[in-house]
Structure formats: structure tokens, C-alpha cells
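Participant: the following block contains a protein sequence and its predicted model.
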Amino acid sequence: MNLILENSPDVPYCTDVSAALRALGVEPEAFDWHLSDVECNKPVPELATGCQWLTGNEFSQLLKRAPIQFIWGVFSAVAPGVRPVVDVAPFADGNTDFWRIPECPPQLPSAALEIVFWDSSATLLIGISEEMAGRFVHAFPYAKPLTPANPLGSI
């Protein structure tokens, strides 16, 4: 299932990864994370290398150090130790597949889910379970299914 959250009064900014993970019921340590197409509201030296892998613990520590607003980014969660070859890095900026393909799957093979940050105005949740979706919508009632009939800006 895919969801989109934009223009929500429930969060100070829609692209807060910590808030998204809490609402999904996901512990960052439960996965390895591939981060790509990342742009933040301030310099983050740990993210300066572009596409990269982080262990769940490394990702968790990064999120605990200071609040980060992500302007763009794709965070792909995979089972620990399962790091597929990344031939084409997942991307957000300019990717219209989210709105063109019904039930668009995660871009990274083997990803359990992807969190996509879109131009600092929306969070897209790609490939989440129905249970995760229910928790997220309970926490953020403005979240809606992401479908070709419900694109960015239509909420």
C-alpha cells in the first residue's frame, strides 16, 4: 500500500522521518537503510556522500543527534545484511512513477518499504503493509492513499 501525507497540521513539517517511523511503528534499527537523492534543510556531513548504506543503528543515531528536515530523499528499508546491488539509485525529484503507476512498488529491489520526501512538502510511503498504513493514518488523519486518482496537491 502507498500513502501520501501533505499539508498536515499534525506535524511541524511533513518531511520528518522520525515522526513517520514512529507513526508506522517502525524501529530504524530493524533494517539496513539505503539513502539516495537526499537534500536537507542544513548540512549533514554524514549524508554528504550521496547514495549510501547505513545500518539501522547508524541511521537511528543520525536521527537522534538533531532534528533534520528532509527536502528530497528516498529512504529504502531492507532486512539487515541484505544489501542489493544498486544499479540505478532510487530518486524522488522528477520521479512521476509515484502518480502514474498504481501501487508503485519500492524502487530498490528487496526493499520492505520506502519513505520518500518530496520537495519538503510531502511524505510518500511506498510498499507499506495494511497494518502500518492503519497506524500511520491513525497518527496522521490527513494521510491519503497515493494513487493516480489522488496525486500530490489534490488533498
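Facilitator: Okay, I see it. What you see is a predicted model, and the numbers here were worked out from it, not measured in a lab.

Participant: check contacts around the most centrally placed residue in the chain.
Facilitator: Central residue of the chain (C-alpha atoms, centre = their mean): residue 115, 1.3 Å from the mean position. The contact partners of residue 115, taken as C-beta atoms under 8 Å, 6 or more residues apart in numbering, are 17, 20, 21, 74, 75, 77, 123, 124, 125, 126. Every residue, glycine included, has its C-beta placed from N, CA and C.

Participant: buried residues in the least confident helix or strand in the chain by mean pLDDT?
Facilitator: Least confident helix or strand of the chain, by mean pLDDT, DSSP states H and E, is helix 97-100 with a mean of 88. Neighbour-count burial for helix 97-100 flags 98, 99 (criterion: 16 or more other C-beta atoms under 10 Å).

Participant: what is the mean pLDDT for the following helix or strand past it?
Facilitator: Toward the C-terminus, helix 97-100 is succeeded by strand 113-118 as the next helix or strand (DSSP states H and E). Averaged over strand 113-118, pLDDT sits at 95.

Participant: strand partners of strand 113-118, parallel vs antiparallel please.
Facilitator: Strands that pair with strand 113-118, judged by DSSP bridges, come out as strand 70-78 (antiparallel), strand 122-126 (antiparallel).

Participant: so where's the protein shaky on pLDDT?
Facilitator: For the chain, applying pLDDT under 70 flags the ranges 9-15, 149-155.
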